[in-house]
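Participant: Model the following, please.
(chains A and B)
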Number of protein chains: 2
Amino acid sequence: MGNAHEKALVVLSGGQDSTTCLHWALDRFGRDAVSTLTFDYGQRHRIELECAQRVAADAGVPNDRVPIDTFEALGGNALTEASIGIEAAAEGELPNTFVPGRNLIFLTFAAAYAWPRDIRHIVTGVAQTDYSGYPDCREETLLALEKALRLGMESDVELHTPLMHLSKKQTVEMAVELGALGAMALTHTCYEGLRPPCGRCPACELRARGFDEAGVEDPLLAVS
Amino acid sequence: MGNAHEKALVVLSGGQDSTTCLHWALDRFGRDAVSTLTFDYGQRHRIELECAQRVAADAGVPNDRVPIDTFEALGGNALTEASIGIEAAAEGELPNTFVPGRNLIFLTFAAAYAWPRDIRHIVTGVAQTDYSGYPDCREETLLALEKALRLGMESDVELHTPLMHLSKKQTVEMAVELGALGAMALTHTCYEGLRPPCGRCPACELRARGFDEAGVEDPLLAVS
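Facilitator: Alright, predicted model coming up:
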């Protein structure tokens, strides 16, 4: 557990989950202690980077952007290669948006960024209840990674995953409780990179279901 | 433990240790099963990349090169910033060549590279006896990382560290036993990027001591 005087870094993609985590961190650590880090890893949609910037500005915290060119060089997945269509996963299979080790890399670079800046807490919006079933989002994986980071950097870095066990409905409810519903209008979710969102891709459908189940109107849908 | 029919990837820097590991892997897994991966992460000396290429060619195995631009963007260490002088570490301190999490990143990207290629074994030349005292080279760190990689990629990837507990003298002896002494003439060690090596930087001194103690002449010194 951290205390209010320690610094926290939120890995901010500009999506619904990481934006909710940013507001969780503001509440937990205080605005002055919080900064955000966004990875420019060759996303199909550059709009995500702008959303992260706007979400951070709206919250009144800094947003730093760091490039990762390696995923594109490794190739072969639908999140960075425009030529590959995004498909829902078959039962028991990993989806073709799976980039092996992506969250491990994000969190390791976040810890490397935090290290010289004396930032102890790293907050990420991964959730093992996520429909996608990415194995690098599971609690067990993150605990093993936290151990590797602590040993490998001789630090007491803590990984915080406030959404780990929440359903999408509960994540929406958390955003409402944190007063972060308005910020949801600034976020980006659609796999097609559309704004207003396409409403048909797996990411849009998942988001809509969460808002529906929470009985809350998604402010993003009022944007046009 | 792997068997001879499984594929292995050697993380090859072009230095003495990773070259010895490549020859260990050839012996253990067989030439046809082995490939090598070199990271272009903004090293001060491009000669390292050429050495890796030559070492792999000499061994008759493929060498793939993958960029990592992120360390340079994070900044602040002597291995990638030419403006920072390399200094030996004070007792109990980390040297200014320490890049937080560097080996964690290398091995995670290596595992991400290995994943779609059905490569189970990853071989790295890290050693906890290394004078530098990098915490991300220690066995405990690597075991935690291996666990995170297995969980995060749902794989049975194995990290092999044949030099983990060897002194530099023993590493030289291993190279001799593996018939890899000749390959040492192709490697690069000098922090100053010189060939023939400067003989004065901490890396050159460490290498020279290992060869001295093993009573073997360093073939690199005969190159000029």
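Participant: Which strands border the helix or strand containing A:Leu159, and is each parallel or antiparallel?
Facilitator: Under the criterion of DSSP states H and E, A:Leu159 resides in strand A:158-160. Sheet pairing of strand A:158-160 (DSSP bridges) gives strand A:121-123 (parallel).
Participant: so how far is the strand it pairs with off the chain centroid?
Facilitator: 12 Å (Cα atoms, centre = their mean, to the nearest Å).
Participant: Then stretch A:39-57?
Facilitator: That offset, for stretch A:39-57, works out to 11 Å (Cα atoms, centre = their mean).
Participant: Look up how far chain B lies from the residue in chain A sticking out farthest from the centre.
Facilitator: Distance from the C-alpha centroid of chain A peaks at A:Glu154, with 25.6 Å (Cα atoms, centre = their mean). Distance of A:Glu154 to chain B, given as Cβ to the nearest Cβ, to the nearest Å: 5 Å. Every residue, glycine included, has its C-beta placed from N, CA and C.
Participant: hang on, isn't that residue packed against B:Pro135?
Facilitator: Yes: A:Glu154 is within contact range of B:Pro135, at 4.6 Å (criterion: Cβ atoms under 8 Å).
Participant: Give the other helices and strands that the least confident helix or strand in chain A by mean pLDDT contacts.
Facilitator: When the helices and strands of chain A are scored by mean pLDDT, DSSP states H and E, helix A:70-74 comes last with a mean of 88. Judged by 3 or more Cβ pairs under 8 Å, 6 or more residues apart in numbering or on different chains; DSSP states H and E, the packing partners of helix A:70-74 are helix A:102-114, strand B:63-67, helix B:102-114.
Participant: part of a helix, is A:Thr38?
Facilitator: No: counting by DSSP: H, G, I helix; E, B strand; the rest coil, A:Thr38 falls outside a helix, being strand.
Participant: burial measure for it, as a count.
Facilitator: 23 (other Cβ atoms under 10 Å in any protein chain shown).
Participant: likewise A:Gly60?
Facilitator: 10.
Participant: That one contacts A:Asp32, doesn't it?
Facilitator: No: using Cβ under 8 Å, A:Gly60 makes no contact with A:Asp32, being 9.6 Å away.
Participant: what about the closest residue to A:Tyr134 other than its chain neighbours, how many neighbours?
Facilitator: Residue nearest to A:Tyr134 in three dimensions, not counting chain neighbours: A:Phe98, with 6.2 Å by Cβ to Cβ, 6 or more residues apart in numbering or on different chains. Close neighbours of A:Phe98, defined as other Cβ under 10 Å, add up to 22.
Participant: residues touching A:Cys74, list them.
Facilitator: Careful, residue A:74 is Leu and not Cys. Listed by Cβ atoms under 8 Å, 6 or more residues apart in numbering or on different chains, the contact set of A:Leu74 reads A:Val99, B:Val66, B:Phe109, B:Ala112, B:Tyr113.
Participant: Tabulate these in a markdown table, adding columns for neighbour count.
Facilitator: Below are the contacts of A:Leu74 laid out as a markdown table (neighbours: other Cβ atoms under 10 Å in any protein chain shown):
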| residue | neighbour count |
| --- | --- |
| A:Val99 | 19 |
| B:Val66 | 19 |
| B:Phe109 | 26 |
| B:Ala112 | 22 |
| B:Tyr113 | 24 |
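Participant: Tabulate those (a markdown table), appending pLDDT.
Facilitator: A markdown table is the format used below for these (pLDDT from 0 to 100):
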| residue | pLDDT |
| --- | --- |
| A:Val99 | 78 |
| B:Val66 | 95 |
| B:Phe109 | 97 |
| B:Ala112 | 95 |
| B:Tyr113 | 94 |
